[in-house]
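1. Just need the structure, nothing else, for what follows:
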Amino acid sequence: MEEKAIIVDNVVKLYKLYDKPSDRLRESLGLTKKKCYKEHYALNGVSFDVNKGECVGIIGTNGAGKSTILKIITGVLNPTEGQVKINGRISALLELGAGFNMEYTGVENVYLNGTMLGFSKEEIDAKLDEILSFADIGDFVYQPVKTYSSGMFVRLAFAVAINIEPEILIVDEALSVGDVFFQAKCYNKFEEFKKMGKTILFVSHDLSSISKYCDRVILLNKGKKLNEGIPKDMISIYKKLLVHQYDDSMPDENDTTNQVEIKDESGNLDNPEIIKNDNSNGKWKDHYTINPNLDAYGDGSAEIIDFAVIDNEGNITSNIEKGTEFRIQSKVLFHKDVENPIFTYTFKDVHGTAITGTNTMYEKVNIEEARENEIYVASFTQMMNLQGGEYLLSISCTGYANGEFRVYNRLYDVINITVISDKNTVGYYDMFSKTKVTKVEES
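-> Next up, the predicted model:
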């Protein structure tokens, strides 16, 4: 039987939410018998185990209870009900600032954190050079941490957490603050920890890291444990949660009874493909968080009335696994007669650089004329070869009139697309090389 490093048993965390401070005061003084608060369950009956030597990820949407459960495990918070048992020395890297005195220098905080974890001054002395070398923030270690940038802060915090030889390492999103080189160094340390048989509990929105490093994933939703299992399965459910497609009563993936053919307003099939769990009463784009700074413009001859990104399982989503087939669709209503309309899409990185894209003109799919009040759906199907990361999708309907280029409707950076990958190579694209190395025997 595997030895348990962490046991979380039916943990509940209840917060009382008061409309105004005076209600809290009146209740504490016994001046009212009426309940003056609303109950909010940050966690409600959560149970799970973490075996020694496992790397377990915790994922969930905002407000799912991820950070709350980590704070209870590390002793920062007490549960309202239930209990947590820990078997081993914990080192935790929670949200920025946890466990640090902002008035102390970096070095003083190293000693403060080490002492809190049970180390003697002599033991911290022996590890100090290794910690400062890993943090690599130069003479700033002698300055108060309140003067640090967020990047310097997380470098020092992680250097302390990772170098005091914990048996259990707990990390909550903090790595997203460091630069790419520091993140690479931290993940290399993760690999070392796993090989040493250490236990890691890892909360992150970076699904690529969850997929690559975790042996098992726990999925939280609205304070409850929704499911747990291998990363691929949990990420698949999480993707449905993100676009409001997951339902506890959903049928098996192979059951097609709830699959809906895509139809336009006239009732005709506009695409032979099938989207699972499509909300026929709404629009595809209702599944997305639209960019609040969306740049939309055009001369009004056409209007993009709907769009979707569909994964290889037929789900509307904003998360695509690298190496899988996916589809981009845009539905366009024409307000005027338009000759030879061109439908397009473009992926840009977060810096605004156009990475890839295509259009119906390049692909030699021509529509001679779209008439007023007609609706067309452009469907682009391809393999996702981009590296894991965040990208912005733009879509448009354009064309030429009297030899001049026209934009009928363009939606710049309309939604964010996350590419999930457990292996990245150099640059923007993975060439999916078939690689081998053979030893040549000397004759």
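2. Where does the residue lying closest to residue 363 once chain neighbours are set aside fall, secondary structure wise?
-> Excluding the flanking residues, the one nearest residue 363 by Cβ to Cβ, 6 or more residues apart in numbering is residue 380, at 7.8 Å. (Glycine included, C-beta is placed from N, CA and C.) For residue 380, the host element (DSSP states H and E) is strand 375-383.
3. repeat for residue 419
-> Using DSSP H and E, residue 419 maps to strand 404-420.
4. what pairs with that strand, and is each one parallel or antiparallel?
-> Taking DSSP bridges as the criterion, strand 404-420 forms sheet pairs with strand 295-297 (antiparallel), strand 319-321 (parallel), strand 389-401 (antiparallel).
5. Looking at these, which one is packed in the most?
-> Of all the strands paired with strand 404-420, strand 319-321 has the most neighbours on average by mean count of other Cβ atoms under 10 Å, namely a mean of 23.
6. coming back round to it: ok, which of the strands paired with strand 404-420 comes nearest residue 330?
-> Among those, strand 389-401 comes nearest to residue 330, with 4.8 Å by Cβ to Cβ.
7. residues contacting residue 130?
-> Listed by Cβ atoms under 8 Å, 6 or more residues apart in numbering, the contact set of residue 130 reads residue 163.
8. Model confidence for it, exactly?
-> As predicted, residue 130 sits at a pLDDT of 90.
9. next one: phi and psi at it?
-> Here is the backbone geometry of residue 130 (degrees, to the nearest 10): phi -70, psi -40.
10. Check the one 10 residues further on too.
-> Note on residue 140: its backbone torsions stand at phi -60, psi -20 [degrees, to the nearest 10].
11. Over to residue 151. Which of the three states is it?
-> Put simply, residue 151 is helix when judged by DSSP: H, G, I helix; E, B strand; the rest coil.
12. And it, how far from residue 181?
-> 11 Å (Cβ to Cβ, to the nearest Å).
13. So, low pLDDT: which residues of the stretch 1-150 of the chain?
-> Counting by pLDDT under 70, the stretch 1-150 of the chain shows low-confidence ranges at 1, 95-99.
14. redo that, cut-off 80
-> For the stretch 1-150 of the chain, the stretches with pLDDT under 80 are 1-2, 19, 22-37, 92-99, 116-118, 150.
15. Show the residue spans covered by the strands in it.
-> Secondary structure of the stretch 1-150 of the chain (DSSP state E, counting those that start in this stretch): strands at 4-18, 37-51, 55-59, 81-86, 90-93.
16. What residues sit buried inside the fourth one?
-> Read it as strand 81-86. 82, 84, 86 (16 or more other Cβ atoms under 10 Å).
17. Pretty sure the last one sits against residue 4.
-> What it means is residue 86. No: using Cβ atoms under 8 Å, residue 86 is not in contact with residue 4; the gap is 9.5 Å.
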